[in-house]
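**Student:** Generate coordinates for the sequence data below:
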Amino acid sequence: MPQLSCHSPLGALTISEDEGRIVALDWGWGRDQEETPLLVRVRDLLEKYFDGEKVDFSDLPFSPYGTPYRQKIWKAILKIPYGETRTYAEIAAQAGGSARSIGGAMGANPIPVLIPCHRVVGATGLGGYSGLNGIEDKKILLNLEKGD
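**Tutor:** Okay, the predicted model is just below:
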């Protein structure tokens, strides 16, 4: 499975591709590095994103592993525009389920940042985040998109 790593304000990130589709984004530097056209494109988009440019990742070919319900939720959060947030309850109203089940899907998102689960927040606070540094990573991403 081809992988390519890059540096970011969150630390090293590794993007994984399988059969021409993005399947994972993980914290840490991958052992094997292979530059495919798709991985180079995603790396370049991530660099622009972390430089503060408004980047839309929604047209990338994703293939996250997950249940049909979680796939539906991840598709819904791909529609949240850059710099905006939605609550867990709003996503539940849109995609079905409960705020709790939305939180479970966010925590299981195998392609964070690109599938922007950081844009889903609690009604009374930020909620959680599955990044290596937890809620601090979520704050970095939200502040980046606000231009702070």
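
**Student:** where does this structure have low pLDDT?
**Tutor:** 148 (pLDDT under 70).

**Student:** Please repeat the previous calculation with a cut-off of 50.
**Tutor:** Within the chain, not a single segment meets pLDDT under 50.

**Student:** following the lengthiest helix in it, which helix or strand comes up?
**Tutor:** Secondary structure of the chain per DSSP state H: the longest helix is helix 37-50. Next in sequence after helix 37-50, counting helices and strands by DSSP states H and E, comes helix 68-77.

**Student:** Can you name every helix or strand that the helix or strand following that following helix contacts?
**Tutor:** Scanning forward in sequence from helix 68-77 by DSSP H and E, the next helix or strand is strand 86-87. Other helices and strands packing on strand 86-87, by 3 or more C-beta pairs under 8 Å, 6 or more residues apart in numbering; DSSP states H and E, are strand 120-121. Heads up, the C-betas are built off the backbone N, CA and C, glycines and all.

**Student:** Run through the neighbouring helices and strands of the strand it packs on.
**Tutor:** For strand 120-121, the packing partners by 3+ C-beta pairs under 8 Å, 6+ apart come out as strand 86-87, helix 88-95.

**Student:** For the last one, name the packing helices and strands.
**Tutor:** In terms of contact count using 3+ C-beta pairs under 8 Å, 6+ apart, helix 88-95 is assigned the packing partners helix 68-77, helix 99-107, strand 120-121.

**Student:** buried ones in it?
**Tutor:** By 16 or more other C-beta atoms under 10 Å, the buried positions in helix 88-95 come out as 88, 90-92, 95.

**Student:** which residues touch that helix?
**Tutor:** 72-73, 76-77, 98-103, 106, 120-123, 127 (C-beta atoms under 8 Å, 6 or more residues apart in numbering).

**Student:** right, and L45 touches V55 too?
**Tutor:** Yes: using C-beta atoms under 8 Å, L45 is in contact with V55, at 5.3 Å.

**Student:** My understanding was that R86 contacts V120; is that so?
**Tutor:** Yes: applying C-beta under 8 Å as the test, R86 and V120 come out as touching, 5.8 Å apart.

**Student:** Spit out the residues that contact the two alike.
**Tutor:** 77, 80.

**Student:** Neighbour count for the two, which is higher?
**Tutor:** V120 (28 against 19; other C-beta atoms under 10 Å).
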